[in-house]
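> here is my input, please return the structure:
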Amino acid sequence: HLCSILDLLLVNQFYAKRPKCIFGVECVGYLGHTITKFGVQPDPDKVKAIIDWLVPLSLTGLHGFLGIIDFYQRFVRHYARIASPLTELLKCATFTWTSQAQQAFTELRKQITTTPIL
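Residues are numbered from 1 along each chain as shown. Next up is the predicted model:
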């Protein structure tokens, strides 16, 4: 397979720089994901950051949390339904953390730790 890929690069006048190439590895990190022969999953460091995220105390904190979790929404089953109490908070003039928001926050952090390999 490697020879075929390198031949295609050569034929189409694309070039790979040796220092940027990695061969013979079982997994590789790429754009916030870990790619293995089994599939794609979230980067473990990013998952840890989500797990360690403190309860947001402001809209800015909530934006930050939703920004990182939204990047991985494809790994969370029923993401939109679970996250809706949090996204509704973004529409409010005043920030009031509710029990529904806490439940959504907890569930999203739980779901990201049990993500399927896609």
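> poorly predicted segments of the chain, please.
115, 117-118 (pLDDT under 70).
> need the helices for it, in chain order.
With DSSP state H, the ranges of helices along the chain come out as 2-11, 44-52, 59-71, 79-89, 99-113.
> give me the most central residue, the chain.
Taking CA atoms, centre = their mean, the centroid of the chain lies closest to Tyr72, which sits 3.0 Å from it.
> distance of the closest residue to that residue other than its chain neighbours relative to Leu6?
Leaving out its chain neighbours, the residue that sits closest to Tyr72 by CB to CB, 6 or more residues apart in numbering is Pro42, at 4.9 Å. All C-beta atoms are positioned from the backbone trio N, CA, C, and that covers glycine. Distance of Pro42 to Leu6, computed by CB to CB, to the nearest Å: 30 Å.
> same question for Trp53.
42 Å.
> circling back to that earlier point, can you put the helices of the chain in a markdown table and add mean neighbour count and distance to His33?
Conversion of those to a markdown table gives the following (neighbours: other CB atoms under 10 Å; distance: least, CB to CB, whole Å):
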| stretch | mean neighbour count | distance to His33 |
| --- | --- | --- |
| helix 2-11 | 10 | 20 |
| helix 44-52 | 13 | 9 |
| helix 59-71 | 15 | 10 |
| helix 79-89 | 16 | 16 |
| helix 99-113 | 16 | 13 |
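> could those helices go into a markdown table alongside distance to Lys17?
What follows is the helices of the chain, written out as a markdown table (distance: least, CB to CB, whole Å):
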| stretch | distance to Lys17 |
| --- | --- |
| helix 2-11 | 11 |
| helix 44-52 | 26 |
| helix 59-71 | 28 |
| helix 79-89 | 37 |
| helix 99-113 | 34 |
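> looking at those, which is nearest to Pro19?
helix 2-11 (16.0 Å; CB to CB).
> surely the residue nearest to Tyr72 meets Ile35?
No. Taking contacts as CB atoms under 8 Å, Pro42 lies outside contact range of Ile35: 11.2 Å.
> which of the two has more neighbours?
A count of neighbours by other CB atoms under 10 Å puts Pro42 above the other of Pro42 and Ile35, at 22 against 15.
> can I get the CA coordinates of stretch 45-64 in CSV?
Output in CSV follows, covering the C-alpha atoms of stretch 45-64 (Å, rounded to 0.1, in the frame of the first residue of the first chain):
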residue,chain,number,x,y,z
ASP,A,45,-5.5,14.8,26.2
LYS,A,46,-8.6,16.7,25.0
VAL,A,47,-10.9,14.1,26.7
LYS,A,48,-9.0,14.7,30.0
ALA,A,49,-9.5,18.5,29.5
ILE,A,50,-13.2,17.9,29.1
ILE,A,51,-13.4,15.7,32.2
ASP,A,52,-11.4,18.2,34.3
TRP,A,53,-13.5,21.2,33.1
LEU,A,54,-15.0,23.0,36.1
VAL,A,55,-18.7,23.9,36.1
PRO,A,56,-18.9,27.2,34.1
LEU,A,57,-19.6,30.3,36.2
SER,A,58,-20.2,32.6,33.3
LEU,A,59,-21.3,32.7,29.7
THR,A,60,-17.7,32.9,28.7
GLY,A,61,-16.9,29.7,30.6
LEU,A,62,-19.9,28.0,29.0
HIS,A,63,-18.8,29.1,25.5
GLY,A,64,-15.4,27.6,26.2
